[in-house]
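> sharing a sequence plus its predicted fold:
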Amino acid sequence: MPKPSRSMDWGFPRWRGYGSSREATQVRICDRHGCDEPGNCPAPKAPNSRERWYFCQKHAAEYNSKWDYFEGLDKAEREERAKAERSENAGYAEAQHYGWAGSGDGSRSRDEMRALDVLELEADADFVAIKKAWREKAKTVHPDVKPGDKEAAAEFQKLQVAYEVLKAAEERREWRG
C-alpha cells in the first residue's frame, strides 16, 4: 500500500498562497494572427459594440493608434459628442498641485502655457525671465504711458492676468519645495 502524501493546504504555516491551485490557468492568446503573446488588452470590434478583440499590449497600441471614436458621425454630432465627453471628464482633470519637477518638463498647466504665450516666452522660462518680460511689455502699454487708449488698457490687463497666473504657479512650486 502506497504511503499517503501530505497536502500543502492544511495547518500552519500555509505553504501555498490563498486562492492558488494546482490546475493550469487559462491564458487567452492575442487575437492578432500569428501572435503568441497573452491577449489581456480588450479592444472594441466596432464603435458602440460589446464584442471585443483581445490583443497583446503591442497590438493593442497599434489598433488604438488607428481608432476613430467619431467614425460615422457628421460634424455637428462629432462636436456634440466631444462636448459631452469634455463635460463628463472635467472632474478628472489633473489637480494643480500634482506636478512633476521643474519647468519645461510637462509640469505647467494649460493656463500657465497660455500666460507664457501672452508674454511671448518659451515653456522652460524661469521666473526671473517671466518678470523681466512682463515689466518690458507692461511699460509699453501701461495706462499712465498711454492714457485713454482702450486697446493698450486691454493689453495691459492681459499682461497683468498672465503675470498673476505665473506668479501664483511659482509660489506653489516654492511652497512644495
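Received the coordinates, thanks.
> CA atoms only: put stretch 120-131 into CSV for me.
The C-alpha trace of stretch 120-131 is given here as CSV (Å, rounded to 0.1, in the frame of the first residue of the first chain):
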residue,chain,number,x,y,z
GLU,A,120,6.0,85.5,-25.7
LEU,A,121,8.2,83.2,-23.7
GLU,A,122,9.2,79.5,-24.0
ALA,A,123,7.8,76.8,-21.8
ASP,A,124,11.0,76.4,-19.8
ALA,A,125,11.3,80.1,-18.9
ASP,A,126,12.2,80.7,-15.2
PHE,A,127,10.5,83.3,-13.1
VAL,A,128,13.3,85.9,-13.5
ALA,A,129,12.7,85.8,-17.3
ILE,A,130,8.9,86.0,-16.7
LYS,A,131,9.2,89.0,-14.5
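> quick one: contacts of that stretch?
Contact with stretch 120-131 is made by 103, 104, 108, 113, 116, 119, 133, 163, 166, 167, 170, as judged by C-beta atoms under 8 Å, 6 or more residues apart in numbering. For every residue, glycine as well, the C-beta is placed using N, CA and C.
> measure the closest residue to residue 57 other than its chain neighbours to residue 26 for me?
Closest residue in space to residue 57, ignoring its immediate chain neighbours: residue 41 at 5.8 Å, by C-beta to C-beta, 6 or more residues apart in numbering. Counting by C-beta to C-beta, to the nearest Å, the gap from residue 41 to residue 26 is 16 Å.
> who has more neighbours, those two?
Neighbours per residue, other C-beta atoms under 10 Å: of residue 41 and residue 26, the larger number sits with residue 41, 19 against 5.
> longest single helix anywhere in the protein?
Secondary structure of the chain per DSSP state H: the longest helix is helix 150-176.
> next, count neighbours for residue 83.
Residue 83: 10 neighbours (other C-beta under 10 Å).
> and the helices in the protein?
Ranges of helices in the chain, per DSSP H, are 57-65, 75-89, 110-118, 127-141, 150-176.
> for those helices, give me JSON lines that also has distance to residue 47 and mean pLDDT.
Shown next, in JSON lines, are the helices of the chain (distance: least, C-beta to C-beta, whole Å; pLDDT from 0 to 100):
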{"stretch": "helix 57-65", "distance to residue 47": "13", "mean pLDDT": "86"}
{"stretch": "helix 75-89", "distance to residue 47": "11", "mean pLDDT": "82"}
{"stretch": "helix 110-118", "distance to residue 47": "29", "mean pLDDT": "89"}
{"stretch": "helix 127-141", "distance to residue 47": "45", "mean pLDDT": "92"}
{"stretch": "helix 150-176", "distance to residue 47": "39", "mean pLDDT": "89"}
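> just put the ones you listed in JSON lines and tack on distance to residue 36.
Formatted as JSON lines, these follow (distance: least, C-beta to C-beta, whole Å):
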{"stretch": "helix 57-65", "distance to residue 36": "12"}
{"stretch": "helix 75-89", "distance to residue 36": "36"}
{"stretch": "helix 110-118", "distance to residue 36": "43"}
{"stretch": "helix 127-141", "distance to residue 36": "54"}
{"stretch": "helix 150-176", "distance to residue 36": "47"}
